[in-house]
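S.K.: Need a 3D model of the following:
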Amino acid sequence: MVDLKTNYLGLALKNPLVASASPLSETVQGVQQLEEAGVSAVVVYSLFEEQIIKESLELDHFLSRDTHSFAEAMTHLPEVGKFSLAPENYVQHISNLKAAVSIPVIGSLNGVSTGGWIEYAQKIEAAGADALELNLYYLPTDPALGGNEIEAAYLQVVKDIRKTIRIPLAVKLSPFITALPNFAKKLADAGANGLVLFNRFYQPDFDLEALEVVPDLHLSTSSELLLPLRWIAILKGRVALDFALTSGVHTVEDIVKSMMAGANVAMSASTLLKNGTDYARELIAKLEEWLIDHEYESIQQMQGSLSQEMSGNEAAFERANYMKVLNSY
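M.R.: Below you'll find the predicted structure:
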């Protein structure tokens with residue numbers, strides 16, 4: 001029997017497959033089904049900063065920088081009803097989940113500023129969450145706002161939350177950070193325990209008949225695995241953080257690649273939404289079969305084996321590989 005166990009954020013997990021934040025975690029029954037299917041932990045559907053602002057009537061620097069009054073600022077915020085869980089209900093949902101399942105439950109906050117986050121980070125911890133995932137999602141549209149300001153704000157949020165909670169803290173980032181290794185180190189210094197790579201930006205589309213901008217949602221595919229795979233392989237061993245690979249985890253091969261890059265866990269949502277919760281059971285069975293067929297005794301034996309640090313082929317991850325790839329067509 002092979003050993004599928006892994007450790008993430010100080011949590012001992014029975015296997016590396018974690019259900020990332022999605023509608024599957026909106027109900028207790030949904031999370032129970034994920035547990036029965038074999039996932040080792042679940043990240044609960046995110047509590048959004050806009051929900052906290054709507055409730056507390058507080059505006060932060062980023063939402064108010066281009067507005068002149070509170071009334072105008074409020075027009076930036078969606079109606080609360082568009083979100084599945086209001087702030088207090090979200091906290092109660094965490095508590096209900098902890099009473100209903102035995103796998104670790106990871107809370108999720110989504111936004112960019114301190115505001116009411118400190119209070120709700122504390123409430124999520126008090127509700128029994130085993131860890132907190134801080135999803136830093138901000139699309140800078142102001143030409144006067146520089147990258148240093150954004151990164152400084154991110155770091156301040158991490159520092160502020162780290163001071164007020166004791167549970168492990170992971171940070172989920174977009175891939176659009178100029179110097180990711182440097183910023184990852186700063187996040188570790190600020191108190192983060194893990195890094196989740198990467199957040200997906202949902203791009204709007206144009207309706208040419210109605211002449212409207214419309215939302216456009218597509219589930220991920222395995223092709224999206226390559227970007228987080230590359231960066232985790234580069235960062236493994238260089239910063240004191242655990243890594244979760246998300247975006248593009250659909251097959252057993254995707255999970256294996258994630259582990260070999262250096263991830264502690266592989267997070268998945270799209271394939272479970274597409275194929276059903278019970279597909280997790282198939283992935284875990286195939287993972288065990290893959291390890292046996294390739295003579296691995298454990299997940300930990302393969303973790304980081306193809307990272308930049310261990311592979312001995314640094315050029316494969318860096319600019320030297322650029323021309324090689326172009327010339328391979």
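S.K.: Show me where the stretch 101-250 of the chain has its helices.
M.R.: Listed in chain order, the helices found in the stretch 101-250 of the chain under DSSP state H, counting those that start in this stretch are 117-126, 147-164, 180-190, 226-235.
S.K.: Please work out which of those is packed deepest.
M.R.: Sort these by mean neighbour count, taking mean count of other CB atoms under 10 Å, and helix 226-235 sits at the top with a mean of 22. The way it works is simple: take the backbone N, C-alpha and C, and place the C-beta from them, glycine included.
S.K.: Find out how far it is from the centre of the chain, if you would.
M.R.: Its chain's C-alpha centre lies 14 Å from the corresponding centre of helix 226-235 when counted by CA atoms, centre = their mean, to the nearest Å.
S.K.: can I get the helices of the stretch 101-250 of the chain in JSON lines with distance to residue 294?
M.R.: Formatted as JSON lines, the entries for the helices of the stretch 101-250 of the chain read as follows, by distance: least, CB to CB, whole Å:
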{"stretch": "helix 117-126", "distance to residue 294": "39"}
{"stretch": "helix 147-164", "distance to residue 294": "38"}
{"stretch": "helix 180-190", "distance to residue 294": "30"}
{"stretch": "helix 226-235", "distance to residue 294": "18"}
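S.K.: Please tabulate these in CSV, including the columns mean pLDDT.
M.R.: Written out in CSV, the entries for the helices of the stretch 101-250 of the chain read as follows (pLDDT from 0 to 100):
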stretch, mean pLDDT
helix 117-126, 89
helix 147-164, 92
helix 180-190, 97
helix 226-235, 95
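S.K.: wait, which of these is closest to residue 107?
M.R.: In this view, these are compared for proximity to residue 107 by CB to CB, and helix 117-126 is the closest at 3.9 Å.
S.K.: packing partners for the closest one?
M.R.: Counting contacts by 3 or more CB pairs under 8 Å, 6 or more residues apart in numbering; DSSP states H and E, the secondary-structure elements packed against helix 117-126 are helix 49-56, helix 87-100, strand 105-111, strand 131-136, helix 147-164.
S.K.: Let's see that with 7 Å instead.
M.R.: If you count contacts as 3 or more CB pairs under 7 Å, 6 or more residues apart in numbering; DSSP states H and E, helix 117-126 packs onto helix 49-56, helix 87-100, strand 105-111, helix 147-164.
S.K.: can you give me the angle that helix makes with strand 105-111?
M.R.: Regarding helix 117-126 and strand 105-111, their directions subtend 170 degrees when assessed with axes from the mean of the first three to the mean of the last three CA atoms, to 10 degrees.
S.K.: Need the contact partners of helix 117-126.
M.R.: Among residues not part of helix 117-126, those counted as contacts by CB atoms under 7 Å, 6 or more residues apart in numbering are 47, 49, 52, 87, 91, 94, 107, 109, 111, 132, 157, 160-161, 164-167.
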